[in-house]
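*Asks:* Model the structure of this input:
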Amino acid sequence: MKITKQLLSIGLAAGLMAACNNSAPEANVVAEDAKQVDETKSAEAQSYAVLTDADEISWRGYKTFSSDEHTGTLQVSEGEFKVKDGELVGGSFTIDMNTINNSDLEGEWKAKLEGHLKSADFFAVDTFPTAKFEITEVNAIDPAGDSAQAATHSVTGNLSLRGETKSITFDAKISVDDNNVSFNASDVVLDRSQWNVRFRSTSFTEFADIAKENVIDNSLELQINVQAAKS
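*Replies:* From the prediction side, this is the model:
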């Protein structure tokens with residue numbers, strides 16, 4: 001009976017640990033070698049300037065073995081989209097990494113986290129003050145379901161972050177009219193280690209022996225909302 005109780009206790013502990021491990025989503029974006037931008041695709045295309053006062057990228061980071069997480073935002077500082085025959089065919093936008101903002105803490109703890117994220121442990125903002133996404137390919141897809149937020153296109157582009165440039169592909173809802181472009185992507189989950197963001201990531205040997213409760217998950221979840229108007 002004593003052994004049975006011990007086994008039940010072990011099983012319950014394992015179940016609780018597994019439940020805690022489920023808070024972080026798996027990365028759904030594969031980082032590949034950067035692709036060359038085909039300038040001919042946007043030849044004679046109309047330019048739409050990114051509206052920097054309306055742009056926002058939301059982020060969410062996780063611990064691997066607990067339910068702890070943090071959320072926040074980043075701001076786009078400049079960019080443009082290229083439209084040809086009513087379709088988005090290219091463009092890019094730049095993210096000001098100095099605008100890293102945390103939204104779930106207050107006061108001293110908020111300031112400490114923002115400062116740490118800007119440090120060399122994470123995004124090394126003093127050395128790499130901006131990140132950039134440059135579109136290399138856009139393809140229409142069939143929207144999944146009837147939701148107004150359903151993705152309409154598959155977008156491939158080069159993401160430059162912390163000195164590393166990788167090609168990524170994700171789905172986005174894109175709408176274009178005579179005067180505006182709307183670019184929205186939900187649940188874009190990157191593996192931060194692919195851009196050499198190392199702190200407490202078990203992908204790197206210096207953190208191989210870190211206590212489980214301190215491991216920070218590689219998954220970085222983004223919600224992208226970029227708007228542009230005809231130049």
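
*Asks:* May I see the buried residues of whichever strand or helix holds residue 227?
*Replies:* Counting by DSSP states H and E, the element that carries residue 227 is strand 216-230. With burial defined by 16 or more other Cβ atoms under 10 Å, the residues of strand 216-230 counted as buried are 216-228. All C-beta atoms are positioned from the backbone trio N, CA, C, and that covers glycine.

*Asks:* now for it, which elements pack on it?
*Replies:* strand 46-50, strand 56-63, strand 69-84, strand 180-191 (3 or more Cβ pairs under 8 Å, 6 or more residues apart in numbering; DSSP states H and E).

*Asks:* and the angle from it to strand 69-84?
*Replies:* In terms of direction (axes from the mean of the first three to the mean of the last three Cα atoms, to 10 degrees), strand 216-230 departs from strand 69-84 by 30 degrees.

*Asks:* and the angle for strand 216-230 with strand 180-191?
*Replies:* 170 degrees.

*Asks:* Phi, psi for residue 126 please.
*Replies:* phi -60, psi -30 (degrees, to the nearest 10).

*Asks:* One more: residue 121?
*Replies:* phi -60, psi -30.

*Asks:* remind me which residues of this protein are low pLDDT?
*Replies:* For the chain, residues meeting the criterion pLDDT under 70 lie at 1-22, 145-148.

*Asks:* Spell out the residue ranges of the helices in it.
*Replies:* For the chain, the helices defined by DSSP state H occupy 2-21, 107-118.

*Asks:* so what does the last one touch, helix or strand wise?
*Replies:* When you say that, I think you mean helix 107-118. strand 87-102.

*Asks:* distance between the strand it packs on and the chain's centre?
*Replies:* Mean C-alpha position of strand 87-102 versus that of the full chain (Cα atoms, centre = their mean, to the nearest Å) differs by 11 Å.

*Asks:* buried sites along that strand?
*Replies:* In strand 87-102, counting by 16+ other Cβ under 10 Å, buried: 88-97, 99-102.
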